[in-house]
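Peer 1: Compute the structure for the input listed below.
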Amino acid sequence: QEQMVESGGGLVQPGGSLRLSCAGSGFRFDDYSIGWFRQAPGKEREFVAVSTWPGGSTGYADSMKGRFTISRDNDKNTVYLRMNFLRPEDTAVYYCAASSRWGTSRRTPSEYKFWGQGTQVTVSS
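Peer 2: Predicted structure coming up:
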């Protein structure tokens, strides 16, 4: 059974950093694009970043460029999201998801098949 599990969320002060992890199982992990999305209360789920092919390509939402970094370790079936210079508006539940489609344009939730349960990130002083 396909499964995605996020970890690493928590409470952090503005300007701080967190690293989220996403472990996949039950499918051929390295054949899939892995994306991060987030959803704040009362808002729609929004794209954050994607790790995809060819050649380990990555893509980011404009507001995350320069602050967030996505990386993957296929040997561990894990994708990471390093988040620096966090802002209160980054507060949300962060989800990872897997898509069988490739390319950095994979930014719509409907393109993703398997989803995790999410991990809460709260940025507050």
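
Peer 1: Low-confidence regions, this protein specifically.
Peer 2: Within the chain, no stretch falls below the threshold (pLDDT under 70).

Peer 1: Strands of that one, residue ranges please.
Peer 2: Ranges of strands within the chain are 3-7, 10-12, 18-25, 33-39, 46-51, 58-60, 68-73, 78-83, 92-99, 114-115, 119-123, based on DSSP state E.

Peer 1: partners of the third one in the sheet?
Peer 2: Next to strand 18-25 in the sheet, as set by DSSP bridges, lie strand 3-7 (antiparallel), strand 78-83 (antiparallel).

Peer 1: bridging residues for the most centrally placed residue in the chain?
Peer 2: In the chain, the C-alpha nearest the mean C-alpha coordinate belongs to W36, at 2.1 Å (C-alpha atoms, centre = their mean). With DSSP bridges as the criterion, W36 is bridged to A49, C96.

Peer 1: Hmm, R45 is touching G35, no?
Peer 2: No. Assessed by C-beta atoms under 8 Å, R45 is found out of contact with G35, at 10.7 Å. Every C-beta, even on glycine, is put in place using the N, C-alpha and C of the backbone.

Peer 1: Mind checking which of the two has more residues around it?
Peer 2: G35 (28 against 17; other C-beta atoms under 10 Å).

Peer 1: how near is that one to P14?
Peer 2: 25 Å (C-beta to C-beta, to the nearest Å).

Peer 1: How about P109?
Peer 2: 27 Å.

Peer 1: of these two, who's got more company?
Peer 2: Neighbours were counted for P109 and for P14 using other C-beta under 10 Å; P109 has more, 16 against 13.

Peer 1: what's the residue lying closest to F68 once chain neighbours are set aside in contact with, if anything?
Peer 2: If the residues on either side of it in the chain are set aside, F68 comes closest to M83, at 5.1 Å by C-beta to C-beta, 6 or more residues apart in numbering. Contacts for M83 (C-beta atoms under 8 Å, 6 or more residues apart in numbering) come out as 17-20, 67-68, 90, 121.

Peer 1: Sounds good, over and out.
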